[in-house]
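Colleague: I would like to see how this sequence folds:
(one chain, ligands or ions: 2)
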Amino acid sequence: MTLALGCVADDYTGASDLANTLTKAGLRTVQTIGVPADDLALPEVDAVVVSLKSRSIPADEAVARSREAAAWLNARGAGHLLFKVCSTFDSTDEGNIGPVTDALREDAGEAIALVTPAFPETARTVYLGHLFVGMVPLAESPLKDHPLNPMRDSNLVRVLARQSRAGVGLIDLATVAQGAEAVGARLDALAREGKGAAIADAVLDRDLAVLGAAALTRKVSTGASGLGLGLARALVAAGRVAPAATAADLGGPIGGPAACLAGSCSQATLGQIARAEAAMPVRRLDPARLLAGEDEAGAALTWAMERIGDGPVLIASSAGPDEVAAVQARYGRDAAGHAVEAAMARIAEGLVAHGVRRLVVAGGETSGAVVDRLRLPAFRVGPEIAAGVPVLRTTDRDMWLALKSGNFGGPDFFADALRLMP
Ligand SMILES: Nc1ncnc2c1ncn2[C@@H]1O[C@H](COP(=O)(O)OP(=O)(O)O)[C@@H](O)[C@H]1O
Ligand SMILES: O=C(O)[C@@H](O)C(=O)COP(=O)(O)O
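Modeller: Ligands and ions are numbered 1, 2, ... in the order given. I've put the predicted structure just below:
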C-alpha cells in the first residue's frame, strides 16, 4: 500500500470527521484506532487516518505517540502528513498542537509547517489569525467553557506561539487570495525569519484549495478537516489520486438493540439530548454521585437493559458550565473528566456485552474512552450523518458506530444517526 496522504488525528471524533471529509472528496480512506498492529488487514486505500487520544495528555506523550503514528504512515509511503487538530484549536498553553507540529516537522526535515483549523462547512473561519466560531470570535464562543480545554484567546498566532519552540507567523487572507505560489513564497519568507509554523487565514472552501495546494509542496501540515479537504482536492488535481467512483460497500444491516452515550458538555450536545427526550428514554448520570464512589454506571446499565428491547436509549453525563465547574472545583478537572469517561466506557462495554451493535457516542474524549474499552481496531467510513460526522463500520466485526464531536450535528442528531445505522 502506498499512501497519498497519511493523517495523525489527536482524537477519535476528529479522526472520523477527517475520514468523512477525505471520503467525500474521493479518497479511499480508512480510520484506525491507534497505530495499527502489523497483522491488521486493511483494504487498499489512498489515505489512512490514525486516531490517537492525545489532545489532552502531557505534551511529551502526545509527541511520542504522534511520532510513532507518523513513522507507521511514512513506512507506507505517505506522500504528505497531516496532523489533524480540532477546528476550535482545543489545547492548553502546555500543549499539544505546538509540540507535535514542531516534532513532526523537524522529523520530516522541514523548516516550517502551514497550520489552519479553518473548516467553513461548520462555520470555523480564520481571519488575520483570529478564529471565529459561527459569528463570534473563539474566546466568546461556548468553547470558552470547555471542560478540558477552555479557549480564552482567539488569536491563534499567539496561542500557538505559547506552545511552540520556534516562532509563529501569519499567512493573511490577502496572500491566500493570490494563490498557492504566493502562499509558498510567504512560507519561505517566514522560514527565513526563523518561524517554524504559520497560521493561515481561510474563510471559504476556495481558500482551502489554495492552502491544500501550497501545503502539498511540503511534507507536513497541521489543521482540521478543512485543510484535509484542500489537500484532497490538490491530490486529485495533481493526478496523484484517482477519485473513487463509488463509496466502499460497508455491508448490510446489522439490526438489534441500539444505544446512545453522551459525555460532551457542549451547547450543541446539550440541545440534542433535550430533543432526544421526545424520541427515546434518557438517563442522566449524576457526576457528583459517581465521583463520590456510587455505582452510577451499574445503575445506568440496569436501567438500559430494562428498556433496550423496546427501542434505543440514551445515557448522558452532560451538564451545563455551572454544574461542570462545581464538580471540577470539588474533584479537579482531570479527575472529574477521567471518572466520567471511565463510567461511559464501562456502560458501553456492558451494552455491547448485552448485544448492542449500533452505538452513537457524543464527545471526543468520551468516544476515545468507549472505543478503547471496546478494543475496536479500525473503521470503514460510510454515509455522512451531519457535517463532520460519518457512520462508521468496524473492520473486525459487525458493528455500526457514530462518533460525534461535541459541537457537531443538527438538533435531532441522535435520531438522525440511528436512521443511518440499520
Ligand atoms: N457532568 C460533567 N462534569 C464534569 N465533567 C464532565 C461531565 N460530563 C462529561 N464530563 C467530561 O467532559 C469532557 C468532555 O469532553 P469530550 O468528550 O471531548 O466532549 P467534546 O467533544 O464536547 O469536547 C470529558 O472528559 C467528560 O468525561
Ligand atoms: O475539528 C473538529 O471540530 C472536530 O473534528 C474535532 O476534533 C472535535 O473534537 P471534540 O469536540 O472533542 O469531539
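Colleague: tell me the contacts of the residue most central in space within the chain?
Modeller: Computing the C-alpha centroid of the chain and ranking residues by C-alpha atoms, centre = their mean puts G14 first, at 0.9 Å. The contact partners of G14, by C-beta atoms under 8 Å, 6 or more residues apart in numbering, come to 51, 55, 84-86, 224, 364, 405. Quick note: C-beta positions are derived from backbone N, CA and C, even for glycine.
Colleague: part of a strand, is it?
Modeller: No. Counting by DSSP: H, G, I helix; E, B strand; the rest coil, one finds G14 to be helix, located in no strand.
Colleague: I'd like the distance between it and T21.
Modeller: Here G14 is placed at a distance of 11 Å from T21 (C-beta to C-beta, to the nearest Å).
Colleague: Any regions of the stretch 201-350 of the chain where pLDDT drops low?
Modeller: Counting by pLDDT under 70, the ranges of the stretch 201-350 of the chain that qualify are 245-249.
Colleague: Would you mind giving the secondary structure of the residue of the chain positioned farthest from its centre?
Modeller: Here the chain has its C-alpha centre computed as a mean, and the residue farthest from that point, by C-alpha atoms, centre = their mean, is E306 with 33.1 Å. Secondary structure state of E306, per three-state DSSP, is helix.
Colleague: how many neighbours does the residue nearest to G134 when sequence neighbours are not counted have?
Modeller: Using C-beta to C-beta, 6 or more residues apart in numbering and skipping the chain neighbours, the partner closest in space to G134 is A123 (4.6 Å). For A123, the count of nearby residues is 14 (other C-beta atoms under 10 Å).
Colleague: give the contact list for A123.
Modeller: Under the criterion of C-beta under 8 Å, 6+ apart, the contact partners of A123 comprise 132-134.
Colleague: What count of nearby residues applies to the residue of the stretch 301-422 of the chain found nearest ligand 1?
Modeller: For the stretch 301-422 of the chain, the residue positioned closest to ligand 1 under C-beta to the nearest ligand atom is G406, at a distance of 2.1 Å. The tally of other residues near G406 (other C-beta under 10 Å) stands at 30.
Colleague: Isn't it up against G364?
Modeller: Yes. Because the distance of 6.7 Å satisfies C-beta atoms under 8 Å, G406 is recorded as touching G364.
Colleague: Can you pull the residues that touch both of these two?
Modeller: The contact lists of G406 and G364 share 13, 264, where a contact means C-beta under 8 Å, 6+ apart.
Colleague: List, one by one, the residues from the stretch 201-350 of the chain near ligand 1.
Modeller: In this structure, the stretch 201-350 of the chain approaches ligand 1 at residues 263-266, 287, 317-319, 323-324, 327, 336-337, 340-341, judged by C-beta under 6 Å from any ligand atom.
Colleague: Filter these down to the buried ones and hand me the ChimeraX line.
Modeller: This is the ChimeraX syntax for the buried subset of those, where burial follows 16 or more other C-beta atoms under 10 Å:
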select :263,264,265,266,287,317,318,319,324,327,336,337,340,341
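Colleague: So which of the residues of the stretch 201-350 of the chain next to ligand 1 are in helices?
Modeller: Among these, the ones falling in helices (DSSP state H) are 287, 323-324, 327, 336-337, 340-341.
Colleague: the strands in the stretch 151-300 of the chain, which residues?
Modeller: Under the criterion DSSP state E, counting those that start in this stretch, strands of the stretch 151-300 of the chain are mapped to 167-171, 195-200, 220-223, 258-262, 282-284.
Colleague: could those go into CSV alongside mean neighbour count?
Modeller: What follows is those, written out as CSV (neighbours: other C-beta atoms under 10 Å):
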stretch, mean neighbour count
strand 167-171, 22
strand 195-200, 27
strand 220-223, 28
strand 258-262, 26
strand 282-284, 16
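Colleague: Let me have the ones you listed in a markdown table, extended by distance to G368.
Modeller: Formatted as a markdown table, the strands of the stretch 151-300 of the chain follow (distance: least, C-beta to C-beta, whole Å):
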| stretch | distance to G368 |
| --- | --- |
| strand 167-171 | 28 |
| strand 195-200 | 26 |
| strand 220-223 | 20 |
| strand 258-262 | 12 |
| strand 282-284 | 22 |
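Colleague: out of the ones you listed, nearest to L27?
Modeller: Minimum separation from L27 across the strands of the stretch 151-300 of the chain (C-beta to C-beta) falls at strand 220-223, 15.7 Å.
Colleague: can you pull the contacts of the closest residue to ligand 1 within the stretch 101-250 of the chain?
Modeller: Taking C-beta to the nearest ligand atom as the measure, the stretch 101-250 of the chain has P147 as its residue closest to ligand 1, at 3.7 Å. Neighbouring residues of P147 by C-beta under 8 Å, 6+ apart: 265, 324, 328, 333, 336-337.
Colleague: Farthest pair within the residues you listed?
Modeller: When C-beta to C-beta is used, the two most widely separated members of those are C265 and R333, lying 12.1 Å apart.
Colleague: and the stretch 51-200 of the chain, which residues reach ligand 2?
Modeller: Taking C-beta under 6 Å from any ligand atom as the measure of proximity, the stretch 51-200 of the chain contacts ligand 2 at 86-88.
Colleague: Looking at these, which one is closest to ligand 1?
Modeller: Of all these, the one sitting nearest ligand 1 is C86; the distance, using C-beta to the nearest ligand atom, is 7.9 Å.
Colleague: so the closest one touches P117, yeah?
Modeller: Yes. Using C-beta under 8 Å, C86 makes contact with P117 at a distance of 6.7 Å.
Colleague: Which neighbours do these two have in common?
Modeller: Shared contacts of C86 and P117, defined by C-beta under 8 Å, 6+ apart, comprise A224.
Colleague: I'd like to know how far R67 sits from V35.
Modeller: In this view, R67 and V35 are 10 Å apart by C-beta to C-beta.
Colleague: which residues sit in contact with the residue farthest from the centre of the chain?
Modeller: Here E306 is in contact with no residue (C-beta under 8 Å, 6+ apart).
Colleague: now swap in A62 and tell me
Modeller: If you count contacts by C-beta under 8 Å, 6+ apart, A62 has them with 10, 52, 54-55, 95-96, 99-100.
Colleague: That one is in what secondary structure piece?
Modeller: Using DSSP states H and E, the secondary-structure element containing A62 is helix 59-75.
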